[in-house]
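Engineer: 3D, please:
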Amino acid sequence: SLIEPATRGDPESALKWTCKSTRRLSQELKQQGHSIGPTSVRALLHLLDYSLQANRKTREGIDHPDRDDQFFYINENVKKFLRSQQPAISVDTKKKEIVGDFSNAGREYRKKGSPLETRMHDFIDKTLGKAIPYGVYDIESNEGWVTIGIDHDTARFAANSIRRWWMEMGQNRFPRATRLLITADAGGSNGWRTRLWKVALQELANELEMNVTVCHFPPGTSKWNKIEHRLFSFITQNWRGKPLYDLETIVNLISNTTTEAGLTVKSAIDNTQYEKGIKVSNGELAAVAIRPHEFHGEWNYTIRKKKK
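Structural biologist: Here you go, the predicted model:
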């Protein structure tokens, strides 16, 4: 696809945008034998839910010189896995949400003069706390899984969310899987610098008895992660204007998120207490059976399962 590797999304909106101009896209299409001008390209982009976007402060850092090459590397790996009927997933932590009868952005239809009453100030209720949604999006099946954490967003929480997706959804969809591809942001609990992430993935690879390949998006490009505009944006739309009274409400709203394209989502609460600040020694890291790829091995690597 001329667009997919260079497509960006907003987790608060279902619209997508591309960094390629309509003139450049029409030129590339003409090179492939299609007679089409920029105006027609613009009309087709609108049909595909792409929009014209003004500048917005969403960049997380300076563009890496190999940014575009990494996009294409991720895209090629995803296609390779899917051709072999192996699972490819996109993962990320959604914005933390305050739990309780607090106002949620947006509006919904209700009888005139009977709006939902919510608290005046968004001070965290210590009893209810915050919800930490960690999402797993199955790129091939258009299915999502969201674990609702109540403690800390750590690497073990991330790995456990992937494990639960596999147990609840993945293994039924891919019964002959021997490999798993994970596309993830460069930072956060599943960041490429996080030692505990690699240790947790080794444990996951051993348990699931499959090799795990990870491709990270370059720094400053998290909005290109498919989960942002294929899953999180629709969850945000579904609970817009609805107070997130408790964890069960959050799970129900997420699980009832659907789209015309057939998106289905499952969700569950993770009551585990995850310890922050776990230090991974050099010896523990050396025990991880990791194989860096030739192209940017810090971003792209495979962790091989170990025999029991």
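Engineer: got the contact list for residue 133?
Structural biologist: Listed by Cβ atoms under 8 Å, 6 or more residues apart in numbering, the contact partners of residue 133 are 93-97, 146-149, 235, 250, 254, 267. In this view, the C-beta of every residue, glycine as well, is placed from N, C-alpha and C.
Engineer: Output stretch 287-302 as CSV, nothing but the C-alphas.
Structural biologist: Extracted C-alpha coordinates of stretch 287-302, given in CSV (Å, rounded to 0.1, in the frame of the first residue of the first chain):
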residue,chain,number,x,y,z
ALA,A,287,20.0,-15.1,30.0
VAL,A,288,17.5,-13.8,27.5
ALA,A,289,17.8,-15.6,24.2
ILE,A,290,17.5,-12.5,22.1
ARG,A,291,18.6,-12.2,18.5
PRO,A,292,18.9,-8.6,17.3
HIS,A,293,18.0,-8.1,13.6
GLU,A,294,20.5,-6.7,11.2
PHE,A,295,18.5,-3.6,10.7
HIS,A,296,18.4,-1.5,13.9
GLY,A,297,18.8,-4.4,16.3
GLU,A,298,17.8,-2.2,19.2
TRP,A,299,14.4,-1.7,17.7
ASN,A,300,13.9,-5.1,16.0
TYR,A,301,14.7,-8.4,17.7
THR,A,302,13.5,-11.9,18.2
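Engineer: Report the helix or strand with the lowest average pLDDT across this structure.
Structural biologist: Least confident helix or strand of the chain, by mean pLDDT, DSSP states H and E, is strand 13-18 with a mean of 48.
Engineer: what's the longest helix in the protein?
Structural biologist: Counting residues, the longest helix found in the chain (DSSP state H) is helix 67-83.
Engineer: and stretch 237-252, how far apart are its ends?
Structural biologist: 14 Å (Cα to Cα, to the nearest Å).
Engineer: mind listing what's buried in it?
Structural biologist: 238-239, 243-244, 247, 250-251 (16 or more other Cβ atoms under 10 Å).
Engineer: Just flag the most distant two among those residues.
Structural biologist: Within those, two members stand farthest from each other by Cβ to Cβ: 238 and 247, at 16.2 Å.
Engineer: what's the following helix or strand after the longest strand along the chain?
Structural biologist: In the chain, assigned by DSSP state E, the strand with the most residues is strand 130-138. Note on strand 130-138: by DSSP states H and E, the next helix or strand toward the C-terminus is strand 143-149.
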